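**Student:** Just the structure for this:
(one chain, ligands or ions: 2)
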Amino acid sequence: MKLLSLMAKALEIDEKEMIEYFEDGMQSLRMTCYPPCPQPELVTGITPHSDPTILTFLLQLNGVDGLHISKDGCWFPVTILPDALVVNVGDILEIFSNGVYRSIEHRAIPNAEKERISIAFFIKPKREAYVGPSPSLINPQNPPLYKRVGMEQYVKDFFSRKLNGKTYLQHMRISDE
Ligand SMILES: O=C(O)CCC(=O)C(=O)O
Ligand SMILES: [Fe+2]
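**Tutor:** Ligands and ions are numbered 1, 2, ... in the order given. Presented below is the predicted three-dimensional model:
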């Protein structure tokens, strides 16, 4: 909630709107184990994607790296900092902020020698919420860039597609219609 309040401030919207929208949301956790692979460049761990979340907190549990993020079309490894979580912006925050916060495309690959374990903690709005740009950010100079859809529908659509970069977010963009 503290993070969301700070983001509301940065977006210049009422923090109450942000908190009401996101409170009592859904939370889930995914633990992934990547067995060691002598030729990691030949296999895929988790294919490139952005998360269908507000925020994702990621713990690289046993200190073995393998997370990469995409920036300007290139992949960059994320160095593990001791006792720190990686905080990733998800697609729902990109949509809510009407593109101000950009979700991060990422992938994970196995390590050549060691097993790698990650735990991702996903923060999402409640089931009854709508995924769409915040009404306080929309005006004639700043029209909505994304469609508005019920959270249940959004999740259903996301998981019925193949994980493929930011294609689902692209599908949510109004200009793509
Ligand atoms: O294993 C990782 O570092 C990333 C996991 C991930 O991106 C996910 O579970 O959505
Ligand atoms: Fe992810």
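**Student:** which strand residues sit across from the residue in the chain positioned nearest to ligand 1 in the sheet?
**Tutor:** Here the residue of the chain nearest ligand 1 is Ser118; by Cβ to the nearest ligand atom that distance is 3.2 Å. In this view, the C-beta of every residue, glycine as well, is placed from N, C-alpha and C. Under the criterion DSSP bridges, Ser118 forms beta bridges with Thr32, Gln60.
**Student:** What residues does the residue of the chain positioned farthest from its centre make contact with?
**Tutor:** The C-alpha centroid of the chain is most remote from Pro38, which lies 29.4 Å away (Cα atoms, centre = their mean). Neighbour list for Pro38: Ala112 [criterion: Cβ atoms under 8 Å, 6 or more residues apart in numbering].
**Student:** try 10 Å this time
**Tutor:** Neighbouring residues of Pro38 by Cβ atoms under 10 Å, 6 or more residues apart in numbering: Pro110, Ala112, Glu113.
**Student:** out of those residues, which is most surrounded?
**Tutor:** Within the contacts of Pro38, most neighbours by other Cβ atoms under 10 Å means Pro110, with 21 neighbours.
**Student:** OK, contacts around the residue nearest the centre of the chain?
**Tutor:** With distances taken as Cα atoms, centre = their mean, Gly90 lies nearest the centre of the chain, 2.2 Å away. By Cβ under 10 Å, 6+ apart, the contact set of Gly90 is 50-56, 96, 101, 103-104, 122-124, 169.
**Student:** That one - nearest residue in space that isn't next to it in sequence?
**Tutor:** With sequence-adjacent residues excluded and distances taken as Cβ to Cβ, 6 or more residues apart in numbering, Gly90 is closest to Thr53, at 3.2 Å.
**Student:** Touching, the one you found and Phe121? I think so.
**Tutor:** Yes - proximity of Thr53 to Phe121 meets the contact threshold set by Cβ atoms under 10 Å, at 9.3 Å.
**Student:** What's the local residue count around Pro48?
**Tutor:** A count of nearby residues for Pro48, using other Cβ under 10 Å, gives 18.
**Student:** Can you show me the helices along this protein?
**Tutor:** Ranges of helices within the chain are 2-11, 15-22, 91-96, 151-159, 167-172, based on DSSP state H.
**Student:** Packing partners of the second one?
**Tutor:** Read that as helix 15-22. Judged by 3 or more Cβ pairs under 10 Å, 6 or more residues apart in numbering; DSSP states H and E, helix 15-22 is in contact with helix 2-11, helix 91-96.
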